[in-house]
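S.K.: can you look at this prediction? I've put the sequence above it.
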Amino acid sequence: METADYSASRSKGSLGSIFSALRRETSSQTGNWAGYGKLVQGGKVQAVMAFPPEVKQRTEDYISNLQALKQFKVDVTLDPDTTGPEVILSEDLKSARWGKPSREMPDCPERFDSGPCMLGREGFISGRHYWEVEVDGRFWTVGIARESVRRKGHSIFIRDLGILGLRKYEILCVALTSPSNTFVPLEKISKEIGVYLDYDLGQLSFYDLKNEKLIFAFPQVSFNGEKVFPYFSILLSQIKLSPNG
């Protein structure tokens, strides 16, 4: 996929200042999560400190076997009612790129009114789910969002606790962990990413499909019965969902 080139010069100044701030923030946060949840290095789980024994066993059984996760593959399509400005959707709702749409989308409560981001059409309130996405570009996010995530005034450059995922800032990548982000080496990430969600166990993990390795597994999360959706942001970027998931 080629990176969208829509009006790149338009945002050059603001992107530069924002990226500088993000670089400082991420640098200050690197290493702050020691002892919190799961540490992943070289595609292997090095330490698990926050899970009960039964959760730990089931989690490790699945995240160590990418092929086993594919039995939970779901067909993710993008929801046109949620797309923010500067998002161009394909007709089949399986891909999106940064750019100016041919027509302005009508406002609705579900729509993000700022930032080139969107949700998947189907949400999850139980079970195990796996999907694959190809990403390309400078600034992107792949993950999940709670149904209550802020839709109006949402910014991809401001932390939102309603979102969990991987976020790339040009030459930096972080996992959106709490209480602070976690640095993820870019060399661990290819353009093809697998996402696995076990809603009931509160497990979210990401995979490098090219090398068939675990990129990052989040600490156990409680969704408290709230529906969650696949989430994407694509500033100067584009995504393409797997045809069957």
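M.R.: Yep, that arrived. No experiment lies behind these values; they were computed from the predicted model shown.
S.K.: so M118 touches E110, yeah?
M.R.: No. At 10.1 Å, M118 and E110 do not qualify as touching, with contact defined as C-beta atoms under 8 Å. Yep, even glycine has a C-beta here, placed from its N, CA and C like the rest.
S.K.: who's more crowded, those two?
M.R.: Using other C-beta atoms under 10 Å, the more surrounded residue of M118 and E110 is M118, with 27 against 13.
S.K.: and the gap between that one and E104?
M.R.: 15 Å (C-beta to C-beta, to the nearest Å).
S.K.: between M118 and E110, which contacts overlap?
M.R.: Common neighbours of M118 and E110 (criterion: C-beta atoms under 8 Å, 6 or more residues apart in numbering): 79, 82.
S.K.: what about Y199, how many residues nearby?
M.R.: 20.
S.K.: for stretch 230-241, what is the average pLDDT?
M.R.: Computed over stretch 230-241, the mean pLDDT rounds to 98.
S.K.: with just CA atoms, put it into CSV.
M.R.: These are the backbone C-alpha positions of stretch 230-241, laid out as CSV (Å, rounded to 0.1, in the frame of the first residue of the first chain):
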residue,chain,number,x,y,z
PRO,A,230,-11.9,-2.5,16.8
TYR,A,231,-10.3,1.0,16.7
PHE,A,232,-8.0,2.6,14.1
SER,A,233,-6.4,6.0,13.4
ILE,A,234,-4.6,6.9,10.2
LEU,A,235,-3.0,10.3,10.1
LEU,A,236,-0.7,10.3,7.0
SER,A,237,-1.4,6.5,6.9
GLN,A,238,-3.8,3.8,5.6
ILE,A,239,-5.1,0.5,6.7
LYS,A,240,-6.4,-2.6,4.9
LEU,A,241,-8.4,-5.3,6.8
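S.K.: to the chain's geometric centre, what's the distance from it?
M.R.: Averaging C-alpha positions (C-alpha atoms, centre = their mean, to the nearest Å) puts stretch 230-241 9 Å from its chain's average.
S.K.: can you check stretch 159-168 too?
M.R.: A distance of 7 Å separates the centroid of the chain from that of stretch 159-168, by C-alpha atoms, centre = their mean.
S.K.: buried stuff in it?
M.R.: For stretch 159-168, the neighbour count (16 or more other C-beta atoms under 10 Å) marks 162-168 as buried.
S.K.: other residues contacting it?
M.R.: Applying C-beta under 8 Å, 6+ apart, the external contacts of stretch 159-168 come out as 135, 137-146, 148-150, 154, 156, 173-178, 181, 184, 186, 189, 193, 204, 206, 215-216, 218, 221, 231, 233, 237.
S.K.: now restrict those to buried residues only.
M.R.: Here the buried ones among the contacts of stretch 159-168, as counted with 16+ other C-beta under 10 Å, turn out to be 135, 137-146, 149, 154, 156, 173-177, 181, 184, 189, 193, 204, 206, 215-216, 218, 221, 231, 233, 237.
S.K.: show me those residues that map onto strands.
M.R.: 135, 137-146, 173-175, 193, 204, 206, 215-216, 231, 233, 237 (DSSP state E).
S.K.: can you report how many residues neighbour M105?
M.R.: M105: 16 surrounding residues under other C-beta under 10 Å.
S.K.: how about the helices of this structure, start to end?
M.R.: Using DSSP state H, the helices of the chain run over 12-29, 53-63, 66-69.
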